[in-house]
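J.: This is a predicted model, with the sequence first.
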Amino acid sequence: MDRRDAEAGLSTLVRNNRFTIAVVFPLVGALLFVAGHEGWIPARLARDPLLILFGTLVMRSPLVAGLAPLVDRRAGIALLALAAYTYAVEFVGVTTGFPYGEFRYGVELGPMLFGTVPAGLPVFFFPLVLNSYLLCLLLLGPRAGSRLARFAASLAVVLLVDLVLDPAAVALGLWTYAEGGAYYGVPPSNYAGWLASGAVAVGLVELGFDWRALRERLDRCEFALDDMVSFVVLWGATNAYFANWIPVCIALLLFVGLRRSDRFDFAVLRSSRGAPR
């Protein structure tokens with residue numbers, strides 16, 4: 001089996017299971033996280049590192065299938081550089097508190113490198129940036145031709161994504177900030193750090209991919225943003241359970257963006273079997 005066959009096989013698998021991947025998996029994930037947090041089931045089961053990593057990889061599969069045909073040497077180098085940067089900034093963040101503020105992991109999110117940062121960190125971080133960038137390409141329309149507009153809009157969505165993610169993660173105890181913070185236990189320094197690291201990440205995406213090719217791929221691949229759908233479902237539901245209403249409203253804003261770009265329709269997801277568009 002060559003690369004093209006593998007890409008086609010993954011695309012078929014994702015297309016035929018869109019609802020399961022984009023809705024069922026994140027709902028089950030939210031339920032397990034909450035059940036473990038509340039002690040309804042053994043925390044060891046709900047927070048098993050390999051189970052967390054497996055579930056995350058499944059939810060990432062639409063993004064992987066959507067972008068795989070566009071990953072050439074240039075994009076591959078950019079992604080490797082982004083992975084190296086992701087590990088470096090996270091290691092510095094955990095050990096020094098810069099740039100996010102002093103924090104520590106409360107749960108091992110898969111195997112840990114040097115007992116400090118998750119080995120699967122790119123699996124957790126890359127999609128937050130890539131999904132934000134792809135969504136902006138759709139929402140910007142003709143303005144997507146402006147590099148400044150792409151950069152600013154993508155960075156803004158990356159920040160919105162973290163405004164949803166961090167409060168839910170802190171509520172679950174996935175990680176905690178030493179001094180807490182006014183925004184659901186998250187300090188302002190975290191978001192300042194996210195803007196800085198997000199700017200580097202969006203810049204590497206710009207360097208690695210041709211935005212026109214990405215836009216054309218989005219037109220041909222109806223499931224490419226299903227990972228953003230799963231993000232909204234997982235973390236929106238988790239925040240709702242903990243009554244974190246501002247993050248819930250932001251998740252709903254992302255939901256509106258997905259709806260406007262024709263990427264979030266439960267009926268379409270459930271009847272997604274068939275030939276690609």
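T.: Arrived safely, thanks for sending.
J.: What's the first helix or strand after whichever strand or helix holds residue 203?
T.: Using DSSP states H and E, residue 203 maps to helix 188-208. Sequence order places helix 211-220 as the next helix or strand after helix 188-208, per DSSP H and E.
J.: can you pull the buried residues of that next one?
T.: Using 16 or more other CB atoms under 10 Å as the test for burial, helix 211-220 gives 211, 214, 217-218. Every residue, glycine included, has its C-beta placed from N, CA and C.
J.: relative orientation of that helix and helix 188-208 in degrees?
T.: 90 degrees (axes from the mean of the first three to the mean of the last three CA atoms, to 10 degrees).
J.: And the contacts of helix 211-220?
T.: Contact with helix 211-220 is made by 66-67, 69-70, 133-134, 137-138, 144, 150, 224-225, 276-277, as judged by CB atoms under 8 Å, 6 or more residues apart in numbering.
J.: helices or strands next to the helix holding residue 203 in the packing?
T.: helix 73-96, helix 121-140, helix 147-172 (3 or more CB pairs under 8 Å, 6 or more residues apart in numbering; DSSP states H and E).
J.: out of these, which comes closest to residue 257?
T.: helix 121-140 (5.8 Å; CB to CB).
J.: export the helices and strands packed on helix 188-208 to TSV and tack on mean neighbour count, mean pLDDT and distance to residue 252?
T.: What follows is these, written out as TSV (neighbours: other CB atoms under 10 Å; pLDDT from 0 to 100; distance: least, CB to CB, whole Å):
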stretch	mean neighbour count	mean pLDDT	distance to residue 252
helix 73-96	16	94	28
helix 121-140	22	94	15
helix 147-172	20	97	10
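J.: Dump these to a markdown table, plus distance to residue 52.
T.: Converted to a markdown table, those look like this (distance: least, CB to CB, whole Å):
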| stretch | distance to residue 52 |
| --- | --- |
| helix 73-96 | 16 |
| helix 121-140 | 9 |
| helix 147-172 | 11 |
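J.: Nearest to residue 39 among those helices would be which one?
T.: Using CB to CB, the helices and strands packed on helix 188-208 put helix 147-172 closest to residue 39, at 12.8 Å.
J.: Pull up the pairing partners for the next helix-or-strand element following the closest one, direction included.
T.: With elements assigned by DSSP H and E, the helix or strand that comes after helix 147-172 is strand 175-177. The pairing partners recorded for strand 175-177 under DSSP bridges are strand 103-105 (antiparallel).
J.: Number of residues surrounding residue 256?
T.: Neighbour count of residue 256, defined by other CB atoms under 10 Å: 11.
J.: So which of the helices and strands packed on helix 188-208 is nearest residue 12?
T.: Of all the helices and strands packed on helix 188-208, the one in closest proximity to residue 12, counting by CB to CB, is helix 121-140 (20.8 Å).
J.: Could you list the alpha-carbon positions for that closest one in PDB?
T.: This file holds the C-alpha atoms of helix 121-140, laid out as PDB (Å, rounded to 0.1, in the frame of the first residue of the first chain):
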ATOM      1  CA  LEU A 121       2.000  17.200  23.000                       C
ATOM      2  CA  PRO A 122       1.800  17.900  19.300                       C
ATOM      3  CA  VAL A 123      -1.300  15.700  19.000                       C
ATOM      4  CA  PHE A 124      -2.900  18.000  21.600                       C
ATOM      5  CA  PHE A 125      -1.500  21.300  20.400                       C
ATOM      6  CA  PHE A 126      -1.200  21.200  16.600                       C
ATOM      7  CA  PRO A 127      -5.000  20.800  15.900                       C
ATOM      8  CA  LEU A 128      -5.800  23.900  18.100                       C
ATOM      9  CA  VAL A 129      -3.800  26.000  15.700                       C
ATOM     10  CA  LEU A 130      -4.500  24.200  12.400                       C
ATOM     11  CA  ASN A 131      -8.300  24.100  13.100                       C
ATOM     12  CA  SER A 132      -8.300  27.800  13.900                       C
ATOM     13  CA  TYR A 133      -6.400  28.600  10.700                       C
ATOM     14  CA  LEU A 134      -8.700  26.500   8.600                       C
ATOM     15  CA  LEU A 135     -11.900  27.900  10.100                       C
ATOM     16  CA  CYS A 136     -10.600  31.400   9.400                       C
ATOM     17  CA  LEU A 137      -9.900  30.600   5.800                       C
ATOM     18  CA  LEU A 138     -13.600  29.800   5.400                       C
ATOM     19  CA  LEU A 139     -14.900  32.700   7.400                       C
ATOM     20  CA  LEU A 140     -12.700  35.300   5.900                       C
END
